[in-house]
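K.L.:
I'll drop the sequence and a predicted model, then ask my questions.
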Amino acid sequence: MSARLPRFVLFLIAIALLTLAVAQPDNDTALGVEDAKKVPPDDAPGANVEVRFTDGGALRMIIAEEHLEFATPHGKLKIAVADIRRLDLATRLTAAQRKLLAQSLENLGSPQFELREKAAADLLALKEKAYPSLLEAARSPDIEIATRGKDLLGKLLGKVPPQRLRFREKDVVFTSDSTISGKLEPSSLTATSPQFGPVQLNLADIASIFFLNAGPETELKMDGRYALATEVWLDTGLEVIEQVRLTITATGEIDMYPTSGYAGQYVGTPKGKKKWAGSTSGPYEPGTLIGRIGETGTIFLVKDQYEDSAPASGRLYLRAAGNTYNVETSGHYTIKIVGGVPGMPAPPKDEDPPGEKDPFGKE
């Protein structure tokens, strides 16, 4: 009996291992069938995006399309999704919404109270998509329709934020090197989200799409002239897009007063002062790296690491703040930027831009 025991034990172990192997789910079902569909792999093809819906909601998703067909007055374009940074969609109405709008506007002047009330409720339910029609109703020569239109406009303005009331006639694509107006050819996009799995996105429900793919890295050297009290800003030559991911890292040191025996005593870094013999004042420690979007944009704090959505759209400028001196400096910061795209060279400040006709036909 004792001699047979090891064989019996080995037999049980073999059975157990076989059972475990049969019961072990494959990769698609290891998290459950439902979960497996909702969790896209890290190396899944497509573009990581944040979709902003017309109702004010937002959702992170992966767009499956590799190219988008875009109709312009100059012909159709096939734009690689990898080159797109942002997509602002035109205001779209479905056939059912157009029919409801037309019927509701007509019924605002109905002698039947029930029809008027339903028309008002339906128009308010359409929110910003009813805004142009309500503006038209408010200007109606029919006094009753105009009065009801103005009343509904007031209610709509109380429910919908002003930025959502803009009626956009064209889609606008912001790519890595251009901005293009036209119309997207498909009526929907294929996407995947962790919450809902594969879905078809109706363009009529979308306000904007922000593409979160990082893009190329730009490395710059910022010397001490951008750390003087005169507040000279470094033009990075990069354009950023509001709400698109922006990453800035900075290293290095700038000696703010390396003359007259004071070398090494007034040193700043992107995070602030490393060594400062005197007192400091102002909102920033000497050397602190700050940024702004546009020549008159709001200043934001960068320091040695900034990783967030761009606070606005436009040209990115940087400087080292906090220095109270205007003497020659030494040293520099090495700055790496991900999320910006090369912009057009800025015109000289002492010259007006040439008065040539806009190449796209705008005066």
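P.N.:
Right, received. Where do you want to start? Residues are numbered from 1 along each chain as shown.

K.L.:
now the closest residue to residue 146 other than its chain neighbours, what's its secondary structure?
P.N.:
Excluding the flanking residues, the one nearest residue 146 by C-beta to C-beta, 6 or more residues apart in numbering is residue 140, at 4.5 Å. (Glycine included, C-beta is placed from N, CA and C.) Under the three-state scheme (DSSP: H, G, I helix; E, B strand; the rest coil), residue 140 adopts coil.

K.L.:
mind checking pLDDT for residue 140?
P.N.:
For residue 140, the model assigns a pLDDT of 90.

K.L.:
what is the burial count for the closest residue to residue 101 other than its chain neighbours?
P.N.:
Of all residues beyond its chain neighbours, the one nearest residue 101 is residue 133 (5.3 Å), with distances taken as C-beta to C-beta, 6+ apart. Residue neighbour count, defined by other C-beta atoms under 10 Å, stands at 21 for residue 133.

K.L.:
same question for residue 268.
P.N.:
Applying other C-beta under 10 Å, I find that residue 268 has 30 neighbouring residues.

K.L.:
one step back: so the residue nearest to residue 101: helix, strand or coil?
P.N.:
Applying three-state DSSP: residue 133 is helix.

K.L.:
wait, doesn't it sit right on residue 105?
P.N.:
Yes. Counting by C-beta atoms under 8 Å, residue 105 is a contact partner of residue 133 at 5.7 Å.

K.L.:
need the overlap of contacts for those two.
P.N.:
residue 123 (C-beta atoms under 8 Å, 6 or more residues apart in numbering).

K.L.:
show me the contact partners of stretch 270-280.
P.N.:
With C-beta under 8 Å, 6+ apart, stretch 270-280 has contacts from 250-253, 262, 264-268, 284-289, 302-304, 320, 322, 324, 333.

K.L.:
which of those are buried? Put it as a ChimeraX command.
P.N.:
Applying 16 or more other C-beta atoms under 10 Å to the contacts of stretch 270-280, the buried members can be selected in ChimeraX as follows:
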select :250,252,253,266,267,268,284,285,286,287,288,289,302,303,304,320,322,333
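
K.L.:
over to residue 226. Which of the three states is it?
P.N.:
helix.

K.L.:
pLDDT value on it, please?
P.N.:
pLDDT, residue 226: 94.

K.L.:
neighbours around it, how many?
P.N.:
23.

K.L.:
was I right to think it contacts residue 233?
P.N.:
Yes. Counting by C-beta under 8 Å, residue 226 does reach residue 233; the two are 6.8 Å apart.

K.L.:
got any residues that touch both of the two?
P.N.:
318-319.

K.L.:
where does this structure dip in pLDDT?
P.N.:
1-46, 176, 213-215, 278, 341-363 (pLDDT under 70).

K.L.:
what about the helices in it?
P.N.:
For the chain, applying DSSP state H gives helices covering 5-23, 33-38, 95-107, 113-125, 131-138, 143-159.

K.L.:
now the third one and helix 113-125, what's the angle there?
P.N.:
When you say that, I think you mean helix 95-107. Relative orientation of helix 95-107 versus helix 113-125 (axes from the mean of the first three to the mean of the last three C-alpha atoms, to 10 degrees): 130 degrees.

K.L.:
got the angle between helix 95-107 and helix 143-159?
P.N.:
Using the same axes, to 10 degrees: helix 95-107 against helix 143-159 is 130 degrees.

K.L.:
now do helix 95-107 against helix 131-138, angle only.
P.N.:
Using the same axes, to 10 degrees, helix 95-107 lies at 10 degrees relative to helix 131-138.

K.L.:
residue 168 touches residue 90, doesn't it?
P.N.:
Yes. Judged on C-beta under 8 Å, residue 168 makes contact with residue 90 at a distance of 4.7 Å.

K.L.:
more neighbours, the two?
P.N.:
Comparing residue 168 with residue 90 by other C-beta under 10 Å, the one with more neighbours is residue 90, at 17 against 14.

K.L.:
show the contacting residues for that one.
P.N.:
168-171, 183.

K.L.:
redo these as a markdown table? Include distance to residue 209.
P.N.:
Shown next, in a markdown table, are the contacts of residue 90 (distance: C-beta to C-beta, whole Å):
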| residue | distance to residue 209 |
| --- | --- |
| 168 | 14 |
| 169 | 18 |
| 170 | 15 |
| 171 | 10 |
| 183 | 15 |
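
K.L.:
buried subset of those?
P.N.:
171, 183.

K.L.:
for residue 161, state which of the contacts of residue 90 is nearest.
P.N.:
Using C-beta to C-beta, residue 168 is the member of the contacts of residue 90 that lies nearest residue 161, at 15.1 Å.

K.L.:
re the thing from before, tell me how many other residues surround the residue nearest to residue 146.
P.N.:
Neighbour tally, residue 140, other C-beta under 10 Å: 17.

K.L.:
run a quick check on it versus residue 147, I expect a contact.
P.N.:
No. Using C-beta under 8 Å, residue 140 is not in contact with residue 147; the gap is 9.1 Å.

K.L.:
quick one: common contacting residues for the two?
P.N.:
Joint contacts of residue 140 and residue 147 (C-beta under 8 Å, 6+ apart) do not exist.

K.L.:
would you map out the domains in this structure?
P.N.:
Following automatic domain parsing, the chain resolves into domains at 37-90+168-211, 95-164, 217-342.

K.L.:
quick one, which of the ones you listed is packed in tightest?
P.N.:
Mean neighbour count (mean count of other C-beta atoms under 10 Å) peaks for domain 217-342 among the domains of the chain, with a mean of 18.

K.L.:
what about residue 338, distance to residue 124?
P.N.:
44 Å (C-beta to C-beta, to the nearest Å).
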